[in-house]
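Colleague: Provided below are the primary sequence and the corresponding predicted coordinates.
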Amino acid sequence: MPIGALSRVLNLSERRIQQMVKESILIKEERGRYPFLSNIKNYVMYLQMRVEGGGKVLDLDDARKRKLHAEAMLVELELADAQKNTISISDHGEVVGSLGDIIRGRLLVLPSKLAPALALETKQGLCKQIIEDEIRITLAEIARIVPDDGSRTPKGKSGTSKASKEISTAA
């Protein structure tokens, strides 16, 4: 029989009948055709199992609620993780500006700091080593402010003051 007739007999929507076919509760023989007696028998057995509470039959409303609850919890966990790894725009501007100040200051000091040591050296390798050491010191100061391990300073005013303290001590 066609799905429309079966849905009227079972008092179900056509969509629900299609869902029950996917759940292997009802049977579909060919396109749009459903065996009448087999499906009546299967539907009665399905209802009996629901009343008895046995078998593998689940209440779809409860299953949907559990699924929605689990999805909501996953989204909340992802949101909490994203918030942990973000800083506000004002904090970002402050940190970037302070980093620029540190880098600018360190680069401007390099000639006067390194000139006396380099003037006395005649070996090219030793001159190179002195410059590389000074660059590593500058990079280490920057790394103290912006760690590579993914950790961030806390969001908000406390994060701003912490970042400002780290930057001012580094400068």
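Modeller: All right, it came through fine.

Colleague: Which secondary structure elements does the longest helix along the chain sit against?
Modeller: Scanning the chain for the longest helix, with DSSP state H as the assignment, gives helix 89-120. Packing partners of helix 89-120 (3 or more Cβ pairs under 8 Å, 6 or more residues apart in numbering; DSSP states H and E): helix 124-145, helix 157-170. C-beta: built from backbone N, CA, C; applies to glycine.

Colleague: Going by mean pLDDT, which of these comes out lowest?
Modeller: Ranked by mean pLDDT, these end with helix 157-170 at the bottom, a mean of 46.

Colleague: Pull out the buried residues from stretch 27-42.
Modeller: Buried residues in stretch 27-42, counting neighbours by 16 or more other Cβ atoms under 10 Å, are found at 28, 34-35, 39, 42.

Colleague: any idea how this structure splits into domains?
Modeller: 3-52, 58-84, 89-170 (automatic domain parsing).

Colleague: show me the contacts for residue 44.
Modeller: The contact partners of residue 44, taken as Cβ atoms under 8 Å, 6 or more residues apart in numbering, number zero.

Colleague: Okay, and it sits in which element?
Modeller: Element membership for residue 44, per DSSP states H and E: helix 36-52.

Colleague: on that earlier part again, just the angle between the longest helix of the chain and helix 124-145, please?
Modeller: 160 degrees (axes from the mean of the first three to the mean of the last three Cα atoms, to 10 degrees).

Colleague: any idea how far the residue nearest to the spatial centre of the chain is from residue 67?
Modeller: Closest residue to the average C-alpha location of the chain: residue 78 at 4.5 Å, with Cα atoms, centre = their mean. Relative to residue 67, residue 78 is positioned 17 Å away (Cβ to Cβ, to the nearest Å).

Colleague: if we can go back for a sec, ok, then the element right after the helix holding residue 44?
Modeller: Where DSSP H and E defines the elements, the next helix or strand beyond helix 36-52 is helix 60-84.

Colleague: Would you mind listing the buried residues in that following helix?
Modeller: Buried, per 16+ other Cβ under 10 Å, within helix 60-84: nothing.

Colleague: One more: stretch 116-131?
Modeller: Neighbour-count burial for stretch 116-131 flags residue 127 (criterion: 16+ other Cβ under 10 Å).

Colleague: now it, how far from the chain's geometric center?
Modeller: Relative to the mean C-alpha coordinate of its chain, stretch 116-131 is positioned 49 Å out (Cα atoms, centre = their mean, to the nearest Å).

Colleague: Same question for stretch 92-111.
Modeller: 32 Å.
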